[in-house]
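**Q** Give me the fold of what follows.
(one chain, ligands or ions: 2)
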Amino acid sequence: MLAVHFGAGNIGRGFIGQLLYQAGYEVVFVDVNTALVDELNQRKAYRVQLAAAGKPESVVENVSALQGADVEAVAQAIANADLVTTAVGPHILPHIASAIAAGISKRLATSERPLNVIACENMIGGSAALREHVYGFLPEADRALAAAKIGFPNAAVDRIVPLQQHDDKLLVMVEPFFEWAVDQSQVVGEKPQVAGLTYVDDLAPYIERKLFTVNTGHAVIAYLGYQMGYATIDAAIQNAEIAKATRGALGETSALLVIKHGFDEQEHQRYVEKILERFTNPMLSDEVTRVGRSPIRKLSAQDRLVGPALQCTRHGITPDYLGLAIAAALEFDYPEDAEAVRIQSDKNEFGWEQALHNCTGIPAGHSLEEVVRKQARLLQEWTSTHLRRGE
Ligand SMILES: NC(=O)C1=CN([C@@H]2O[C@H](COP(=O)(O)OP(=O)(O)OC[C@H]3O[C@@H](n4cnc5c(N)ncnc54)[C@H](O)[C@@H]3O)[C@@H](O)[C@H]2O)C=CC1
Ligand SMILES: O=P(O)(O)OC[C@H]1O[C@](O)(CO)[C@@H](O)[C@@H]1O
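**A** Residues are numbered from 1 along each chain as shown. Ligands and ions are numbered 1, 2, ... in the order given. So this is what the prediction gives:
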């Protein structure tokens with residue numbers, strides 16, 4: 001069995017590639033990082049280490065890699081594949097679409113075998129979004145055939161894989177926990193059998209539970225932690241005020257999720273506690289600047305902060321703590337993050353309110369705007385007085 005996986009990065013190697021290998025797939029990675037592609041082709045294997053006592057390791061074998069620019073080779077691999085997956089980042093999906101379309105056209109010309117393409121990204125409707133991009137490159141004649149033979153089931157993926165800094169370029173350290181849920185209603189042909197992959201009828205509750213708990217909680221810690229001078233998530237969450245704000249924000253999203261999806265309150269609270277415990281893992285050493293990366297994406301109306309905050313206001317829940325994190329995200333001035341730099345320059349050029357509207361799409365006069373404004377003042381007090389670490 002052959003799987004083509006776009007993105008040989010942290011999640012690609014540390015999660016999806018590992019599970020596919022364990023399920024018996026030969027995995028061909030596609031990446032634009034030449035050093036990574038060369039190393040994978042030279043060694044045909046890499047190590048995955050668990051961030052747990054004793055750092056247990058396993059080896060992923062039977063792997064190789066293609067350069068993303070080699071569209072002909074990538075298309076040929078897709079034509080032969082049994083499964084295609086991605087973990088490149090939401091903003092990269094449009095850039096891999098033409099190669100996937102070329103592969104689909106090649107495949108449809110010679111075979112009737114169904115194929116599923118699963119985007120494993122932190123976004124709602126990732127595979128559906130990729131499908132739109134791919135269809136933009138498919139010739140008219142292939143679209144009807146593709147609709148019957150090529151599935152794009154949406155997925156939710158959860159495993160914390162921080163930035164890697166090892167002498168061994170391929171080694172990847174991951175947390176023990178993982179969850180991969182796929183919408184089975186969109187699968188064509190036989191469902192790929194991968195241990196650790198769970199098929200669900202309705203993905204919405206899974207992805208919202210994950211995005212509005214793991215990613216919301218993480219974002220709250222990252223943006224408040226950055227403001228208060230912490231380098232890593234596990235250090236930041238030790239701060240009592242940050243811990244309180246994180247629990248507060250997850251209290252707001254929990255109330256929303258329980259109303260929206262009918263989750264059992266106690267069971268959901270156990271899920272929240274498990275997530276909070278994952279954030280404290282000192283072996284992950286996960287930088288707040290990684291977790292806070294791309295703040296414009298993270299502040300967008302559907303994403304982990306503004307998404308639940310807007311929905312909270314519609315359900316009578318005041319999103320004070322989410323508002324605090326939104327205010328902190330607007331202050332994330334990490335110079336190596338292009339989106340952070342853009343927000344700061346927008347604030348300078350157009351003012352705080354306009355920058356808030358530009359990033360979040362919160363309509364002028366919306367009650368959430370007032371909540372964020374109030375929390376921005378609170379944040380200023382925090383950071384200018386006793387809470388900035390080391391002062
Ligand atoms: N790291 C984590 O803990 C988790 C990440 N995710 C999601 O997984 C996705 C990937 O994240 P990471 O693995 O952390 O990022 P990463 O930066 O480690 O990996 C992304 C890889 O994609 C490659 N890439 C970039 N442009 C490409 C192109 N045009 N064609 C092929 N490959 C290309 C990069 O060279 C890199 O190797 C994101 O959507 C992220 O939100 C989801 C759950 C957990
Ligand atoms: O990968 P993104 O969307 O930039 O956000 C970082 C977040 O995603 C994760 O990498 C994985 O869920 C988390 O560690 C963090 O909440």
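**Q** Distance check, the closest residue to residue 123 other than its chain neighbours against ligand 2.
**A** Spatial nearest neighbour of residue 123, excluding adjacent residues (C-beta to C-beta, 6 or more residues apart in numbering): residue 90 at 4.6 Å. Using the backbone N, CA and C atoms, a C-beta is placed for each residue, glycine as well. Separation of residue 90 from ligand 2 (C-beta to the nearest ligand atom, to the nearest Å): 7 Å.
**Q** Just want the phi and psi numbers for residue 90.
**A** Note on residue 90: backbone dihedrals following degrees, to the nearest 10 are phi -50, psi -40.
**Q** pretty sure residue 295 is in contact with residue 332, am I right?
**A** Yes. The criterion here is C-beta atoms under 8 Å, and residue 295 meets it with residue 332 at 5.0 Å.
**Q** what is in contact with the two at once?
**A** Taking C-beta atoms under 8 Å, 6 or more residues apart in numbering as the contact rule, residue 295 and residue 332 both touch 223, 340, 343.
**Q** which one of those residues sits closest to residue 367?
**A** Using C-beta to C-beta, residue 223 comes nearest to residue 367 of the shared contacts of residue 295 and residue 332, at 21.3 Å.
**Q** give the contact list for the closest one.
**A** 288, 292, 295, 325, 328-329, 331-332.
**Q** Which positions in stretch 360-368 come out as buried?
**A** Under the neighbour-count criterion of 16 or more other C-beta atoms under 10 Å, stretch 360-368 has 360, 362, 368 buried.
**Q** now swap in stretch 339-350 and tell me
**A** Quick answer for stretch 339-350 (16+ other C-beta under 10 Å): 339-340, 343-344, 346-347.
**Q** In PDB, could you pull the C-alpha coordinates for it?
**A** Extracted as PDB, the C-alpha positions of stretch 339-350 are listed here (Å, rounded to 0.1, in the frame of the first residue of the first chain):
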ATOM      1  CA  GLU A 339       1.700  38.100  10.700                       C
ATOM      2  CA  ALA A 340       2.600  39.500  14.100                       C
ATOM      3  CA  VAL A 341       4.600  42.300  12.400                       C
ATOM      4  CA  ARG A 342       1.700  43.000  10.100                       C
ATOM      5  CA  ILE A 343      -0.700  43.400  13.100                       C
ATOM      6  CA  GLN A 344       1.700  45.800  14.800                       C
ATOM      7  CA  SER A 345       2.100  47.900  11.600                       C
ATOM      8  CA  ASP A 346      -1.700  47.900  11.100                       C
ATOM      9  CA  LYS A 347      -2.100  49.200  14.700                       C
ATOM     10  CA  ASN A 348       0.400  52.000  14.100                       C
ATOM     11  CA  GLU A 349      -1.100  53.000  10.800                       C
ATOM     12  CA  PHE A 350      -4.800  52.600  11.300                       C
END
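**Q** Quick check: residue 347 vs residue 27, distance?
**A** 44 Å (C-beta to C-beta, to the nearest Å).
**Q** what does residue 377 give?
**A** On the measure of C-beta to C-beta, residue 377 and residue 27 end up 51 Å apart.
**Q** So for those two, which sits in the more crowded spot?
**A** residue 27 (28 against 10; other C-beta atoms under 10 Å).
**Q** Can you tell me the SS state at whichever residue of the stretch 201-350 of the chain sits closest to ligand 2?
**A** Using C-beta to the nearest ligand atom, the closest approach of the stretch 201-350 of the chain to ligand 2 is made by residue 218 at 3.3 Å. Following DSSP: H, G, I helix; E, B strand; the rest coil, residue 218 is assigned to helix.
**Q** who are the neighbours in contact with it?
**A** Neighbours of residue 218 in contact, by C-beta under 8 Å, 6+ apart: 233, 279, 291.
**Q** near ligand 2, from those residues?
**A** residue 291 (C-beta under 6 Å from any ligand atom).
**Q** Select from the contacts of residue 218 the one having the most neighbours.
**A** Neighbour max across those (other C-beta under 10 Å) = residue 233, 28 neighbours.
**Q** Is stretch 84-93 positioned near ligand 1?
**A** Yes. Counting by C-beta under 6 Å from any ligand atom, ligand 1 is contacted by stretch 84-93 at 87-90, 92.
**Q** Check whether residue 239 really touches residue 228, as I assumed.
**A** Yes. Residue 239 lies in contact with residue 228 (C-beta under 8 Å); the separation is 6.4 Å.
**Q** can you give me the offset of stretch 151-161 from its chain's centre?
**A** In terms of C-alpha atoms, centre = their mean, to the nearest Å, the centre of stretch 151-161 is found 8 Å from the chain centre.
**Q** tell me the mean pLDDT for it?
**A** For stretch 151-161, the mean pLDDT works out to 97.
**Q** ends of it, how far apart?
**A** End-to-end distance for stretch 151-161: 27 Å, by C-alpha to C-alpha, to the nearest Å.
**Q** do the same with stretch 161-168
**A** Note: stretch 161-168 ends 16 Å apart using C-alpha to C-alpha.
**Q** Tell me the buried residues in it?
**A** Buried, per 16+ other C-beta under 10 Å, within stretch 161-168: 161-162, 164.
**Q** One more: stretch 130-138?
**A** 130-131, 133-135, 137-138.
**Q** Any chance of TSV for these, columns secondary structure, distance to residue 152 and pLDDT?
**A** Below are the buried residues of stretch 130-138 laid out as TSV (DSSP: H, G, I helix; E, B strand; the rest coil; distance: C-beta to C-beta, whole Å; pLDDT from 0 to 100):
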residue	secondary structure	distance to residue 152	pLDDT
130	helix	6	98
131	helix	4	98
133	helix	10	98
134	helix	8	98
135	helix	10	98
137	coil	14	98
138	coil	12	98
